[in-house]
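Participant: Attaching a predicted model along with its sequence, questions to come.
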Amino acid sequence: RLKWWHFVFFVLGLICDTWGTSIMFEMVGGMSFDIHGITGVIAIVLMFIHAVWAFAVLIRKNEKAIMNFHKFSVVVWVIWLIPYFSPMFISMAM
C-alpha cells in the first residue's frame, strides 16, 4: 500500500541520486555512452516519473492504484540496479 512517507523517500532518493550523478559527471568530464551511462540516465528519468506518479496516485486517492503501485516500483528498482551494479561487473570482466 502506497503511503505519503514512501513518496517522501522517492523524492529524497531522486534528489540524492541526481546529485551524486552530477558530481560523478564533473569528476569524469561528462556522460559516458556505455551501458552504465545510458541505463543511469534512464533510471533517473524513471525515478522522476515514479515520484510524479506516486504523487498523482496519492492525491487522487484511487484505492486500486494505491494498492497496485508497488508493481511499477519493482520495475523501476530493477532498472535502477543495472547502473548500480554494472561498474562492478565491468571491472570483474577486465
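Facilitator: Now that the structure is in, tell me what you want to look at. Numbering: from 1, shown residues only.
Participant: How far off centre is stretch 54-71?
Facilitator: Centroid separation for stretch 54-71 versus its chain: 18 Å, with CA atoms, centre = their mean, to the nearest Å.
Participant: Endpoint to endpoint, that stretch covers what distance?
Facilitator: 12 Å (CA to CA, to the nearest Å).
Participant: Could you pull out the buried residues of that stretch?
Facilitator: Neighbour counts over stretch 54-71 (16 or more other CB atoms under 10 Å) mark 54, 57-58, 65-66, 69 as buried. Glycine gets a C-beta too; all of them are placed from N, C-alpha and C.
Participant: try stretch 35-44
Facilitator: Using 16+ other CB under 10 Å as the test for burial, stretch 35-44 gives 36-37, 39-40, 43-44.
Participant: ok, now stretch 75-85?
Facilitator: Neighbour-count burial for stretch 75-85, with 16+ other CB under 10 Å as criterion, is recorded at 76, 79-80, 82-83.
Participant: Also stretch 9-24?
Facilitator: Buried residues in stretch 9-24, counted by 16+ other CB under 10 Å: 10-11, 14, 17, 21.
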